[in-house]
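Task: produce atomic coordinates for the following.
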Amino acid sequence: MKDNILIVGEGGREEALAIKLRESPDVGPIYHCSADLTHAEIMNLARAHDARLTVVGPEGPLVNGIVDDWCAAGMDRQGHLIFGPTKAAAQLEGSKVVAKEFMVRHNIPTAPYEVFDDYKTALEYVMNRKAPLVVKLDGLASGKGSFVCYGLGAALDCVYSALGEKRFGAAGERIIVEDFMQGEEASILALVDGADILPLVPSQDHKPAFETEEDRARWLAAGGDSAYRDKRAGPNTGGMGAYAPAPIVTPQVMARVMRKILVPTVHGMAEEKMPFKGCLYAGLMIEKNEPRVVEFNVRFGDPEAQVVLPLLGHDLYHLLLACVQDQLQNYTIKKKKGAACCVVMASGGYPGSYETGKLITGLDVVRDMDHVRAIHAATKHPGVGRVLTNGGRVLDVVGLGEDIAQAVERAYRGVEQIHWEREYHRTDIGQRALRD
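Below is the predicted model of the structure:
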C-alpha cells in the first residue's frame, strides 16, 4: 500500500520536493497546502488526506512551532509524521542573533559581529568601522534580510532603515553588523535525525537580483530602495538561480565542513537539549579552502532544492522517514553523476514592486524538451491552456546535463522559449563554475 504525502507550501521548492518524492514506489497521492494556514488547519488536512508524512517547505511554520504543536496534538502517535525541526531548533534560522551566539559557544567559524537594538549606538559603531560591512536583520525576511554594504553610506542607510525608520517591523528590531567575508559562497543541505548527518550535493545560489552595475543603476533610477544606493550591493532576493555540484566544495573542503561546522552544530544542538531533525542548510563562504558560516537555514533551500534533488540517487521518501524516526545511520547518500542548473524567471521589478496576471507563453514547448523542466513557483491557471504570473519568482527552469556547461546550456535553452510581459532573469547563472 502506498503512502499519501502532504507538502506545506506551494512554491518552486515544494514542487521540486514533490517531483522527487513521486519517484518513490511507496508514495501515493501528494497534496499541497498553503503555509499561511493555521497549524490546526494543516493538521486537519493531514488527517483528511490520511498523510503518512507531512513535509514543511518554508521556514515560517517551523519557526512558529508547527512540529511542537503537531506532537502535542498526538499526530505522530496517530500515524501522521512530520518532517522538520522543533521551534527551539528552528531558531537557528528564526533569529540570526541566536544562531551567531550558538556558533560562538561551539567554536563554529563565522564572521566577527556586534548586535544592536538602538539606532544611535549602531550608527556610532558603523561610523568607526571600515567598509565593506554586512548588516543583517535578526528575524525572518524571506531571504532578503542581509545587506552587503561596500560603502559606509550604504551601511548607514541600512541601519537607519531598520532601527531608525523601523521599516522592517519585528524582523528588524535587532540587527547584526558583521565583518564582510571574502571568498566564494556555497550551500550545503544536509539531512539530520538529531545525531546522524547525510550531506547532499553542494550547490551555489545567486542571491543578488542583478548581474551588472548597469542593471542596478537602472533599478535605483526607477525608484529602487535607497538602502541599496551602493550599486555593487544590489538588492538580495530569495535566489535568482543555482547550480550543482559546486566546484568550490572539493572533497577536502567538504571534510572541513563536516568536521568544523555540521558535526559541531548537530552535536551542539543535542547538548543544548534541542536536537535538530530535518534539513539543515549551511550557507557558507569559502576562502583558501576554509569554510565559514554566513547563515543557517532549517529547511530545503529555494532554488537549491531544484538542483540538488535531481542529483540524489536515493529514495527521498525513505530518507525523510529515516530522519523523523532516528534511523539515518542505516543509510548512505547515493549521488547521481552529472550536474543541474536552475534559472529563476521573475516578474519585472522583483524584489521590489511588480505586477501579476501576465500571460505566460512557451511552456508547451519546454514540456517537450529533453532534460529541461519548468517548475511552477508562482503561477495561476484560470482556464485550460492559460497560465498567468502570480508572484515575484514565477518559474524555475532546470536543465540537467553530464556537466555544468551542458546543464547551463539546457536551462537557458528552456528559458528562451518562455515569455511574458516584463519577464526578468539573470543571464550569468553558473558562469563562475564554468570559469573555475
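
mind listing the helices for the stretch 201-350 of the chain?
Assigned helices in the stretch 201-350 of the chain, in chain order: 213-221, 251-257, 263-271, 304-308, 316-324 (criterion: DSSP state H, counting those that start in this stretch).

With respect to A407, which of these lies nearest?
The minimum distance between A407 and the helices of the stretch 201-350 of the chain falls on helix 304-308, with 8.2 Å, by CB to CB. Every residue, glycine included, has its C-beta placed from N, CA and C.

which other residues reach that closest one?
12-13, 16-17, 187, 189, 200-201, 203, 205, 239, 242-244, 281, 300-301, 340-342, 375, 396, 398 (CB atoms under 8 Å, 6 or more residues apart in numbering).

With distance to L363 and mean neighbour count added, can I get the helices of the stretch 201-350 of the chain in a markdown table?
Formatted as a markdown table, the helices of the stretch 201-350 of the chain follow (distance: least, CB to CB, whole Å; neighbours: other CB atoms under 10 Å):
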| stretch | distance to L363 | mean neighbour count |
| --- | --- | --- |
| helix 213-221 | 26 | 14 |
| helix 251-257 | 37 | 14 |
| helix 263-271 | 40 | 18 |
| helix 304-308 | 16 | 30 |
| helix 316-324 | 25 | 20 |
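
do you know which of these lies nearest G145?
Short answer: helix 304-308, nearest of the helices of the stretch 201-350 of the chain by CB to CB, at 17.7 Å.

For stretch 325-332, give me every contacting residue.
Residues outside stretch 325-332 that contact it (CB under 8 Å, 6+ apart): 81, 191-198, 314, 318-319, 321-322.

My error: substitute stretch 415-425 in the last question.
With CB under 8 Å, 6+ apart, stretch 415-425 has contacts from 240-241, 343-350, 354-355, 358-363, 365-366, 369, 374, 389, 394-395, 397.

What's the ChimeraX line that selects buried ones from the residues you listed?
Selection command for ChimeraX covering only the buried members of the contacts of stretch 415-425, criterion 16 or more other CB atoms under 10 Å:
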select :240,241,343,344,345,346,347,348,349,350,354,358,360,362,363,366,374,389,394,395,397
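
The longest helix along the chain - what's its average pLDDT?
Counting residues, the longest helix found in the chain (DSSP state H) is helix 404-415. Helix 404-415 shows a mean pLDDT of 98.

got it, and stretch 18-35?
98.

and that stretch, how far out from the chain's middle?
Stretch 18-35 has its C-alpha centroid displaced from the chain centroid by 20 Å (CA atoms, centre = their mean, to the nearest Å).

start to end distance for that stretch?
In stretch 18-35, first residue to last residue: 15 Å (CA to CA, to the nearest Å).

Which residue ranges make up the domains of the chain?
By the assignment in automatic domain parsing, the chain contains the domains 3-84, 112-179, 184-203+245-330, 339-435.

just to revisit the earlier point, the contacts of stretch 415-425 in strands, which ones?
Here DSSP state E is the test, and the contacts of stretch 415-425 give G241, V343, V344, M345, A346, S347, A374, T389, V394, L395, V397 as lying in strands.

check contacts around the last one.
Taking CB under 8 Å, 6+ apart as the criterion, V397 is in contact with 342-343, 345, 366, 372-375, 411-412, 414-415, 418.

And for the first one?
Shown here is G241, whose contacts under the criterion CB under 8 Å, 6+ apart are D205, H206, P303, C341, C342, V343, V344, H425, R426, I429, G430.

let's see it at 7 Å
By CB atoms under 7 Å, 6 or more residues apart in numbering, the residues touching G241 are H206, P303, C342, V343, V344, R426, I429.

And the fourth one, how far from Y412?
Taking CB to CB, to the nearest Å as the criterion, V343 is separated from Y412 by 6 Å.

try the second one
Here P303 is placed at a distance of 15 Å from Y412 (CB to CB).

and if you look at the first one?
From H206 over to Y412 the distance is 14 Å, taken as CB to CB.

Which one's more surrounded, these two?
Neighbour count, other CB atoms under 10 Å: between H206 and Y412, H206 has more, with 23 against 18.

Test my guess that the more buried one contacts T427.
No: using CB atoms under 7 Å, H206 makes no contact with T427, being 11.0 Å away.

Tell me which residue is most central in the protein.
By CA atoms, centre = their mean, the mean C-alpha position of the chain lies nearest to G301, the distance being 2.8 Å.

how about it, what does it touch?
G301 touches S187, L189, D205, Y281, counting by CB under 7 Å, 6+ apart.
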